[in-house]
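Peer 1: Please work out how this folds:
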Amino acid sequence: MAIVAGADFGTLSVRGSLVDSERGRLGTSVAEYPLHRKREDPDYATQSHSDQMAALSKATRAVLEVTGVSGAEVLALALDTTGSSVIVVDDSLEPLDEYYLWCDHRAHREAREITELAHKTDLEAIEWCGGTYSHEWGWAKLLHWLRHASAEKRARFGTALEHCDMVAATLTGVHEASQVKRSICAMGHKWMWNPKWGGLPPEQFFIALDPLLKGVREKIGGEYLTSNKIYGQLDAYWAKELGLAPGIPIPVGAFDAHWDALGAGCRPGDVVNVVGTSTCIIAMAEDVGLIPGVCGVVPRSVDPELVGVEAGLSAVGDIFEAIARRAGTNVKTLARGLETYCPGQTGLLRLSWDNGDRTVLVNPELGGITLGWNLLHTAQDELFAAIEGTAFHTRIILERMGEHGVLVNRVINAGGIPQNNPVLNQVYADVFNRPVLVPDGVPTSLGSAIIAFVAAGVFPSIRAAQERLCLNFRTYTPRPEAVAVYEALYPLFREVYFSFGSSSAPAIPLGKVLPELRFIASSTRRVPLLLE
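Peer 2: Numbers count the residues shown, from 1 in each chain. Now for the predicted structure:
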């Protein structure tokens, strides 16, 4: 038997877990940290590095206490984080500001400029991130910081780090920007890094983008490594803070959704929907090329032996929360009774653009659309239509991936929401017309434990660790009557999605959409499909 620790940094908290190689998860503890928002600027979202590290200490010590495990028994610690969450530091890795969290959307202008210049100069990297650079990603956020920071802070600028790399550097006692290591997972999916063109885009591209970026490419240096490599060893100070033994290995980190996919059992032929506040859609393949509109195709980013593919929806749980908030309630209360709803019965067609479109249109300027309202519709109707809408949007992404060589043999719904929302899982199965698998338990932080076990030499490979540690699945099977309804609704969703979502879309007649929604609603109400 061997025990490792896994840390999973989410948007509002860090989850620390202890996992035994024979008995599985021994326990979990969660510690929260504040998200800093500004009412006058809804795009603003930052967090403090010191707050996060204090929470990591609290969660790790708490799980040791709850499980009765001695810190000396823990053989390795691995961590994953949100992304792209970027922190700017000086040459000693002292933060110059807080993290631009993944959901900080201030860098709209910078992302547009990167996209426009990349296409103008035929920069190959732009095609490998879906043809559009996102305001959620690293270069846009760094440029926004450089443009808005004081001259004094710009003069102290040493480098910028993804959250997972900053935490790993902190834990291993790295205090020089020149000594940092960088996660291929983070840099490949968010910073246009790829071995295909020798790493990052060329210096002349960044200078043409803005003279403030002169010399910055060199500062985003260091070793670029996969997650089966060791970042360093836990230093004495942080070992004491966490209650662990100094010198244990800390592997190179990664993004939470990617390791959540590993923890959910992802392998080639699987697509994992990590459904939370947003959705990250993760797949792996032995070989895959460009996928238009898909934001990341990166060799060795999820599994070091495969090509990682990332897509997603910019908001899912956030949409559900917003609907409930506007109704003066919470999602759990509002969702009571949704199991009695029939497919399409609301007559509403709701698109999931409340926070823009991450995939496949890659357009942050979009906003939510709901068609088909009448005077009797309720917030609960909208919630059900939003679940259907996120399923339709996910189907568009799965079809795009499949068209370009990504096998979709199994769909796994991971993340927090599927654990507590059987209605969502069943709707997704019906919309996809294929079984949806849900881990029978919480897979969050299992991925980090898998990486930690490999780092400690307990398992020889990620696959071997998955075979031993991953959970069994609950299966949601498509219902033929529901599938028939969604096969009628889905083409309407596609037409609205592509017509409203792009200013260059060809004109098509949409006058049939509302009448067909009414017809489908009146028909499906005669077919009650209660969940068991």
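Peer 1: Burial check on G71, number of neighbours?
Peer 2: Applying other Cβ atoms under 10 Å, we find 16 other residues in the vicinity of G71. C-beta here means a position set from N, CA and C on the backbone, and glycine is covered the same way.
Peer 1: For it, which residues are in contact?
Peer 2: When contacts are counted by Cβ atoms under 8 Å, 6 or more residues apart in numbering, G71 touches 64, 239, 242-245.
Peer 1: Ok, G356 next?
Peer 2: Counting by Cβ under 8 Å, 6+ apart, G356 has contacts 105, 314, 363-366.
Peer 1: Got phi/psi on the closest residue to it other than its chain neighbours?
Peer 2: Of all residues not flanking G356 in the chain, P364 sits nearest, at 3.8 Å (Cβ to Cβ, 6 or more residues apart in numbering). Backbone geometry at P364, expressed as degrees, to the nearest 10, gives phi -80, psi -10.
Peer 1: P364 contacts S134, correct?
Peer 2: Yes: assessed by Cβ atoms under 8 Å, P364 is found in contact with S134 at 6.9 Å.
Peer 1: and for those two, which residues touch both?
Peer 2: A111.
Peer 1: between these two, who's got more neighbours?
Peer 2: When P364 and S134 are compared for neighbours, S134 comes out ahead with 28 against 21, by other Cβ under 10 Å.
Peer 1: Can you classify the closest residue to that one other than its chain neighbours as helix, strand or coil?
Peer 2: The shortest distance from S134 to any residue other than its chain neighbours is 5.8 Å, reached at A111 (Cβ to Cβ, 6+ apart). Secondary structure assignment for A111 (DSSP: H, G, I helix; E, B strand; the rest coil): helix.
Peer 1: what's the answer for F493, then?
Peer 2: helix.
Peer 1: pLDDT value on the nearest residue to it once chain neighbours are set aside, please?
Peer 2: Leaving out its chain neighbours, the residue that sits closest to F493 by Cβ to Cβ, 6+ apart is F392, at 4.2 Å. Reported pLDDT at F392 in the predicted model: 98.
Peer 1: mind checking how far F392 is from T279?
Peer 2: With the distance defined as Cβ to Cβ, to the nearest Å, F392 ends up 13 Å from T279.
Peer 1: again, but for A452
Peer 2: Plainly put, A452 is 26 Å away from T279 if you go by Cβ to Cβ.
Peer 1: who's more crowded, those two?
Peer 2: Between A452 and T279, counted using other Cβ under 10 Å, the more crowded position is A452 (31 against 27).
Peer 1: is it true that the more buried one lies in a helix?
Peer 2: Yes: A452 sits within a helix when classified using three-state DSSP.
Peer 1: From L77, how far off is it?
Peer 2: Separation of A452 from L77 (Cβ to Cβ): 6 Å.
Peer 1: Same check on S502?
Peer 2: 45 Å.
Peer 1: Point out where this protein drops to low pLDDT.
Peer 2: Flagging of the chain using pLDDT under 70 yields the residue ranges 525-532.
Peer 1: biggest helix in it, by residue count?
Peer 2: Counting residues, the longest helix found in the chain (DSSP state H) is helix 379-403.
Peer 1: who does that helix touch, helix- and strand-wise?
Peer 2: strand 270-275, strand 279-285, strand 307-313, helix 317-326, helix 331-334, strand 349-350, helix 422-432, helix 480-501 (3 or more Cβ pairs under 8 Å, 6 or more residues apart in numbering; DSSP states H and E).
Peer 1: quick revisit: show me what contacts the residue nearest to S134?
Peer 2: Residues in contact with A111 (Cβ under 8 Å, 6+ apart) are 132-135, 137, 140, 364.
Peer 1: In strands, which of the residues you listed fall?
Peer 2: Among those, no member is found in strands (DSSP state E).
Peer 1: Chain neighbours aside, what residue packs nearest to S84?
Peer 2: Take S84 and drop its neighbours on the chain: the residue closest to it by Cβ to Cβ, 6+ apart is K190, 3.9 Å away.
Peer 1: And for I114?
Peer 2: Distance criterion Cβ to Cβ, 6+ apart; nearest residue to I114, sequence neighbours excluded, is Y133 at 4.2 Å.
Peer 1: backbone phi and psi for the one you found, please?
Peer 2: When read as degrees, to the nearest 10, the backbone of Y133 gives phi -80, psi 140.
Peer 1: Quick check: it vs A505, distance?
Peer 2: 21 Å.
Peer 1: repeat for R25
Peer 2: 47 Å.
Peer 1: thinking again about what came up before, quick check: the residue nearest to S84 touching A140?
Peer 2: No: look at K190 against A140 with Cβ under 8 Å: they stay out of range, at 9.4 Å.
Peer 1: Now do stretch 189-204: distance from first to last residue.
Peer 2: Start-to-end span of stretch 189-204 (Cα to Cα, to the nearest Å) is 21 Å.
Peer 1: Stretch 189-201 now?
Peer 2: Distance across stretch 189-201, first residue to last, is 13 Å (Cα to Cα).
Peer 1: In it, which residues are buried?
Peer 2: 189-194, 199-201 (16 or more other Cβ atoms under 10 Å).
Peer 1: for stretch 9-25, same thing?
Peer 2: Within stretch 9-25, the residues that qualify as buried by neighbour count (16+ other Cβ under 10 Å) are 9-11, 14-21, 25.
Peer 1: Of the residues you listed, which belong to helices?
Peer 2: Mapping these onto helices (DSSP H) picks out no residues; all lie outside.
Peer 1: Return the closest of those residues with respect to Y490.
Peer 2: Distance ranking of the buried residues of stretch 9-25 against Y490, using Cβ to Cβ, places T11 first at 30.6 Å.
Peer 1: Please compute how far the host helix or strand of R182 lies from its chain's middle.
Peer 2: Mapping R182 onto the secondary structure by DSSP states H and E places it in strand 181-183. A distance of 18 Å separates the centroid of the chain from that of strand 181-183, by Cα atoms, centre = their mean, to the nearest Å.
Peer 1: Thank you, goodbye.
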